[in-house]
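In: What would the 3D arrangement of this be:
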Amino acid sequence: MKDQDCVDLLQWALPRLDMRWQGFRKVRRQVCRKVQQRLDELGIEDVGQYRRYLDAHRQEWQVLDGCLPITISRFWRDRRGFELLEQRFLPELAQRAQEEGAAALTLWSLGCGAGEEPYTFSILWRERLQSRFPGLGLTVLASDIAAHQLARAERACYPASALKDLPRPLQDAAFERRDAHYCLKGEYRRAVELERRDIREEFPARRFHLIACRYLAFTYFDRERQCDIARRLYRALHPGGLVVLGNREALPEAVAGFEPIHGQVRVYRRREGED
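Out: Predicted structure coming up:
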């Protein structure tokens, strides 16, 4: 399948799935490879034939939707963001949680992939912050739509390239070498709960002090669905809680109740006094 053929297919199909082409433009080759594999499975020779197949088989839209998740991640991705989480945001949240008598600081990692982001939170907490907040635990809910990604997160063994941004002292503390991979030690995995979830459908029935929703809804979803997700993020946060987005992402201006709190990284606070 030629690149332009795949572009034409995605530009036609994505709006029908409440997705936006702009989010996929630079990463489309990952999607195109999966679409090509699907065409090969069906014995379909070109995208025109596949469009007709989609029109005739409504259930195929679910298969195409399953080709869309982008699996690009690594530990400590967006270095400046994690530095600020360590130096300011997590300590502030932990102090407040401790003052309110919470048993644990609660985090949610949406689109967790193979576990790099939620395990980064666990490593950061255990190595750099836990000793400052005696008696306060950490729980991290890690959600992803892809079962194979969650299986990788369950194994928690990674190539060296996945750890290249993680500060070396944290690497040495949290991982052990097994052949060509680096496997996370058990004590750093216990705080993380893995679950399969499509956030377009249902959110957890609990609240969090911090939600990381990076490179997912506000990159790939269309405007209407972004607004829906933002409103539900608001309801899923404790008052004063934080939403962390990826670089160049932003919450929709049409959604009230949030305020940006830093000029360099995309972090928003749920305003106080609103429920």
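In: for this structure, what are the low-confidence residue spans?
Out: 273-275 (pLDDT under 70).
In: All the helices of it, residue numbers only.
Out: Remark: helices assigned in the chain by DSSP state H are 3-13, 21-24, 28-42, 47-56, 60-66, 79-84, 90-99, 116-124, 147-155, 168-174, 186-189, 217-220, 223-236.
In: now for those helices, which one comes closest to Asp198?
Out: helix 60-66 (9.4 Å; CB to CB). Every residue, glycine included, has its C-beta placed from N, CA and C.
In: now the closest one, how far from the centre of its chain.
Out: Relative to the mean C-alpha coordinate of its chain, helix 60-66 is positioned 20 Å out (CA atoms, centre = their mean, to the nearest Å).
In: what does that helix rub up against?
Out: 13, 16-17, 35, 38, 53-54 (CB atoms under 8 Å, 6 or more residues apart in numbering).
In: Kindly reformat those as CSV containing distance to Asp222 and neighbour count.
Out: Putting these into CSV (distance: CB to CB, whole Å; neighbours: other CB atoms under 10 Å) gives the following:
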residue, distance to Asp222, neighbour count
Ala13, 13, 21
Arg16, 10, 11
Leu17, 9, 18
Val35, 19, 22
Arg38, 23, 17
Tyr53, 24, 16
Leu54, 18, 19
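In: Out of those, which is nearest to Asp165?
Out: Nearest to Asp165 out of those is Val35 (CB to CB; 30.0 Å).
In: residues contacting that closest one?
Out: Contacts of Val35 (CB under 8 Å, 6+ apart): 1, 6, 9, 50, 64, 67.
In: ok so, going back, which stretch among the helices of the chain approaches Arg271 most closely?
Out: helix 223-236 (9.1 Å).
In: Mind checking which of the contacts of Val35 are buried?
Out: Buried by 16 or more other CB atoms under 10 Å: 1, 6, 9, 50, 64, 67, out of the contacts of Val35.
In: for the helices of the chain, which one ends up most surrounded?
Out: Among the helices of the chain, ranked by average contacts under mean count of other CB atoms under 10 Å, first place goes to helix 116-124 (a mean of 25).
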